[in-house]
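> Here is my input, please return the structure:
(2 chains)
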Protein chains: 2
Amino acid sequence: MTISSFQPPKRTLMGPGPSDVSERVLQALARPTIGHLDPAFIGMMDEMKSLLQYAFKTENELTFPVSAPGSAGMETCFVNLVEPGDKVIVCQNGVFGGRMKENVERVGATPVMVEDDWGNVVDPQKVEDALKANPDAKFVAFVHAETSTGAMSDAETLVKLAHEHDCLTIVDAVTSLAGSPLKVDEWGIDAIYSGTQKCLSAPPGLSPVSFSERASEVIKNRKTKVQSWFLDMSLVMGYWGGGAKRAYHHTAPVNNLYGLHESLVILQEEGLENSWQRHMDNHLKLKAGLEDMGIGYVVKEGERLPQLNSVYIPEGVDDAEVRGKLLNDFNLEIGAGLGALAGKVWRIGLMGHASSEDNVNFCLNSLKEVLGK
Amino acid sequence: MTISSFQPPKRTLMGPGPSDVSERVLQALARPTIGHLDPAFIGMMDEMKSLLQYAFKTENELTFPVSAPGSAGMETCFVNLVEPGDKVIVCQNGVFGGRMKENVERVGATPVMVEDDWGNVVDPQKVEDALKANPDAKFVAFVHAETSTGAMSDAETLVKLAHEHDCLTIVDAVTSLAGSPLKVDEWGIDAIYSGTQKCLSAPPGLSPVSFSERASEVIKNRKTKVQSWFLDMSLVMGYWGGGAKRAYHHTAPVNNLYGLHESLVILQEEGLENSWQRHMDNHLKLKAGLEDMGIGYVVKEGERLPQLNSVYIPEGVDDAEVRGKLLNDFNLEIGAGLGALAGKVWRIGLMGHASSEDNVNFCLNSLKEVLGK
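Prediction:
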């Protein structure tokens, strides 16, 4: 057995993530590795915190990237906030609400499910009913941008409802961060996690999180130890929590953090609101083109994520064959359906660096050719 | 606030890790990101498995890199194998045995501690005594190469003892993999985890793990769910476990995996045994030079890790000042002491790409200059 260096093909990534990573971010990854306790690295960590606060629109002190992908960010929120026996209202309208339920159960807490059909947003009325029926609930957890369906729920309203019933909120913003309006402080979100490989267009492997003052207090006042040593915020913050003196907890993924830093610098250069607008503009162009081809959306107008377009596969069209041709003949990746929507929909991402007019045109033209339109 | 791109200084990394990453591996990181379900990526994953099997000297099917740093690899082993109520003999002769204890406790299991002084190896006699005193123990966990002290325990003997008492073994090989003899199948290790940022000289952020057939059976026959969703092997293996069809679990850290793949290709080119020998040769050169300067080792001869040289700070010498001068004037990082050895020792790493004659000379000359010898 002799294995050679791996040379990946050059794709255009218009699936549900990872999205295309710009040359600038790729080059940042290749900068020399330095120590995770090097003063120069610690300076970079301080900048990272400011940049993430900017992206999340928050002044939360507890804002940093977890050293693992988005699902570890989700788990960080649940294992640190929720204790065994707690009751958590979990909204499910796609794959990721189901993953939240798994997290709640594995903590030894009780999920109360609020279910909406896949492709619909979370219904605030159902959440209010659940809150009234469960006055002992401590948290409301929901997905802002459901990557499995392309639906964007009304986070502001859901957080307001939760707070009226003295619940804290845990919000999945993996796909929304930097792609759609998201205002952590203004909306009062208590705990939020995201990913790097969606609208930030950094490589996968890190999960930005942020915790409000109120959430931090809950963590400080836990009665039980956090079940994960690796994700225990009381330990992680000895490393990420400000100050010149950082205590070793685990070895940070140094080069991946270079990449995230660079992608956040790019976001800052563009301006967060401009990034939101760009995602919307390109979504509208794609939508017009798809509609011309008779391809319709899964999610109702007004509730759609601009960065993730879930559309019905036209009747009589072979899902795998079309995606295979796009990949092999055009080096273009679009996403398959997940869970209940597998085989029925495509998920076309316009995320971060990949959200461009060129990509919209490329995708429409490639699809036309493959579908013979 | 305007933050610019981060330009790290070019250091020579001779601490306890991360070690110097070669230009070849850095360039691999910068290759175009592709999807984690792309057929090309899945081909790379298959190669990764073979390359890791080579490095671990194992044919274990369950061999792959966890998508997070070494401490998550440790947690992967404990949360998947150990169930609440289990008894685990944990050997502690430094920082990382203590971390194992934390892991056992957080699983709801009972650690039985076998303690040796920091700088000593794990004493097989004490382990045998503990095994006899605890016939209901299910696992023996120990650190092969203690990164906090530089001591290398006799893994082969410890595994043999454990098996004689019907215990499975969980072994920390974070610092030993590719730097010192390590033979997973020949020694019969049941579960092992490592890191990428030591003797493999890939960037930090991944943790290669391997599980024997026997360990896999234990995981399959668990009575309770694994407490971590992110680290649950029964789910992770839907993605990493062979075959053309991979189920999405989490988004793999694509570019970081390019880096690890490249570093493993380099290891294969050099030859595993040659890599072990190179680490030993350079250690002996460093040792001779340090002894000339009157600097002595923490660990007894014959029990020392060639890749991690823990030495006493000469009397009257200011620890932080010397390390600061090395870093600022020579761009050379050496490691501080951890835990019980903080302020008393330096840890000089000769790991992976950083284990070279040039680095030995550079380190000795820089140290001489700073110490005024």
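> drop to CA atoms for contacts and neighbour counts, all remaining ones
OK.
> ok, residues contacting stretch A:343-354?
By C-alpha atoms under 8 Å, 6 or more residues apart in numbering or on different chains, the surrounding residues in contact with stretch A:343-354 are A:12-17, A:19-22, A:148-150, A:178-179, A:198-201, A:275, A:279, A:282-283, A:298, A:306-313, A:319, A:334-337, A:355-356, A:360.
> What of stretch A:32-47?
Residues contacting stretch A:32-47 (C-alpha under 8 Å, 6+ apart): A:240, A:242, A:244, A:246, A:248, A:251-252, A:254-255, A:261, B:3, B:6, B:8-11, B:13, B:17-18, B:20-21, B:26, B:203, B:333.
> switch the cut-off to 7 Å
Contacts of stretch A:32-47 with the rest of the structure, by C-alpha atoms under 7 Å, 6 or more residues apart in numbering or on different chains, involve A:246, A:251-252, A:254-255, B:6, B:8, B:10-11, B:18, B:20-21, B:203.
> Looking at the residues you listed, spot the one nearest residue A:130.
residue A:252 (40.0 Å; C-alpha to C-alpha).
> tally of neighbours for that closest one?
Neighbours of residue A:252 under the rule other C-alpha atoms under 10 Å in any protein chain shown: 24.
> List the contacts of residue A:69.
A:195, A:204, A:205, A:206, A:207, B:251.
> Among the residues you listed, which one has the most neighbours?
In the contacts of residue A:69, the most neighbours by other C-alpha under 10 Å go to residue A:195, 34 neighbours.
> Relative to chain B, how far out is that residue?
From residue A:195 across to chain B, the span is 9 Å (C-alpha to the nearest C-alpha, to the nearest Å).
> Residue A:287 - that's part of a helix, no?
Yes - the assignment for residue A:287 is a helix, going by DSSP: H, G, I helix; E, B strand; the rest coil.
> Please name every helix or strand in contact with the worst-scoring helix or strand of chain A on mean pLDDT.
Across the helices and strands of chain A, the lowest-confidence element by mean pLDDT, DSSP states H and E is helix A:233-240, at a mean of 93. With contacts defined as 3 or more C-alpha pairs under 7 Å, 6 or more residues apart in numbering or on different chains; DSSP states H and E, helix A:233-240 has no helix or strand neighbours.
> so which helix or strand takes in residue A:208?
Secondary structure from DSSP states H and E places residue A:208 in strand A:207-211.
> going on from that strand, what's the next piece of helix or strand?
helix A:213-220.
> Pull the distance from that next one to the chain's centre.
22 Å (C-alpha atoms, centre = their mean, to the nearest Å).
> Which elements pack onto that helix?
Counting by 3+ C-alpha pairs under 7 Å, 6+ apart, helix A:213-220 packs on helix A:70-81.
> The following helix or strand past the helix it packs on vs helix A:70-81, what angle?
Downstream of helix A:70-81, the first helix or strand assigned by DSSP H and E is strand A:87-92. Going by axes from the mean of the first three to the mean of the last three C-alpha atoms, to 10 degrees, strand A:87-92 is angled at 160 degrees with respect to helix A:70-81.
> Quickly run through the sheet partners of strand A:87-92, with directions.
strand A:110-115 (parallel), strand A:139-143 (parallel) (DSSP bridges).
> got the CA coordinates for the last one in PDB?
The C-alpha coordinates for strand A:139-143 follow below in PDB (Å, rounded to 0.1, in the frame of the first residue of the first chain):
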ATOM      1  CA  PHE A 139     -35.700  26.400  28.600                       C
ATOM      2  CA  VAL A 140     -37.100  26.900  25.100                       C
ATOM      3  CA  ALA A 141     -34.900  25.500  22.400                       C
ATOM      4  CA  PHE A 142     -35.500  26.100  18.700                       C
ATOM      5  CA  VAL A 143     -33.700  26.300  15.400                       C
END
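> Contacts for it next, please.
Contacts for strand A:139-143 (C-alpha under 7 Å, 6+ apart): A:88-91, A:96-97, A:162, A:167-173.
> Against residue B:31, how distant is the residue of the stretch 251-373 of chain A found nearest chain B?
Per C-alpha to the nearest C-alpha, residue A:253 is where the stretch 251-373 of chain A lies closest to chain B, at 4.3 Å. From residue A:253 over to residue B:31 the distance is 17 Å, taken as C-alpha to C-alpha, to the nearest Å.
> would you list the contacts of residue A:69 in CSV and tack on pLDDT and distance to residue A:52?
Shown next, in CSV, are these (pLDDT from 0 to 100; distance: C-alpha to C-alpha, whole Å):
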residue, pLDDT, distance to residue A:52
A:195, 98, 12
A:204, 98, 16
A:205, 98, 16
A:206, 98, 12
A:207, 98, 11
B:251, 95, 21
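> Nearest to residue A:64 among the residues you listed?
Among those, and counting by C-alpha to C-alpha, the member closest to residue A:64 is residue A:207, at 8.3 Å.
> what about residue A:335, neighbour count?
Quick note: residue A:335 (other C-alpha under 10 Å) scores 22 neighbours.
> list the contacts for it?
Residue A:335 touches A:15, A:16, A:346, A:347, A:348, counting by C-alpha under 7 Å, 6+ apart.
> Mind doing that once more with 6 Å?
A:15, A:16, A:346, A:347 (C-alpha atoms under 6 Å, 6 or more residues apart in numbering or on different chains).
> what's the helix or strand for the last one?
In this assignment (DSSP H and E), residue A:347 forms part of strand A:345-349.
> how much does the helix or strand that that strand is followed by deviate in direction from strand A:345-349?
Per DSSP H and E, strand A:345-349 leads on to helix A:357-371 as the next helix or strand towards the C-terminus. Counting by the same axes, to 10 degrees, helix A:357-371 points 150 degrees away from the direction of strand A:345-349.
> Thought residue A:200 was touching residue A:17, still the case?
No - using C-alpha atoms under 6 Å, residue A:17 makes no contact with residue A:200, being 10.4 Å away.
> Check residue A:315 and give its pLDDT.
What the model reports as pLDDT for residue A:315 is 94.
> Name the SS class of it, please.
coil.
> okay, now it: neighbour count?
9.
> With residue A:369 instead?
Neighbours around residue A:369, by other C-alpha under 10 Å: 12.
> cool, residue A:126 as well?
Neighbours around residue A:126, by other C-alpha under 10 Å: 15.
> so what's it closest to, chain neighbours aside?
residue A:114 (6.6 Å; C-alpha to C-alpha, 6 or more residues apart in numbering or on different chains).
> go on, residue A:124?
The nearest residue in space to residue A:124 (C-alpha to C-alpha, 6+ apart) is residue A:158, at 6.2 Å.
> so who does residue A:91 touch?
So, once contact is read as C-alpha under 6 Å, 6+ apart, residue A:91 ends up touching A:97, A:113, A:114, A:115, A:142.
> Can you list the low-confidence ranges for the stretch 201-350 of chain A?
A:242-244 (pLDDT under 70).
> How about the residues of it by chain B?
Residues of the stretch 201-350 of chain A lying close to chain B (C-alpha under 6 Å from any C-alpha of the partner chain) are A:204, A:205, A:227, A:230, A:253, A:262.
> Now tabulate the residues you listed in a markdown table and tack on distance to residue A:154 and secondary structure.
Shown next, in a markdown table, are these (distance: C-alpha to C-alpha, whole Å; DSSP: H, G, I helix; E, B strand; the rest coil):
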| residue | distance to residue A:154 | secondary structure |
| --- | --- | --- |
| A:204 | 26 | coil |
| A:205 | 27 | coil |
| A:227 | 31 | coil |
| A:230 | 32 | coil |
| A:253 | 34 | coil |
| A:262 | 30 | helix |
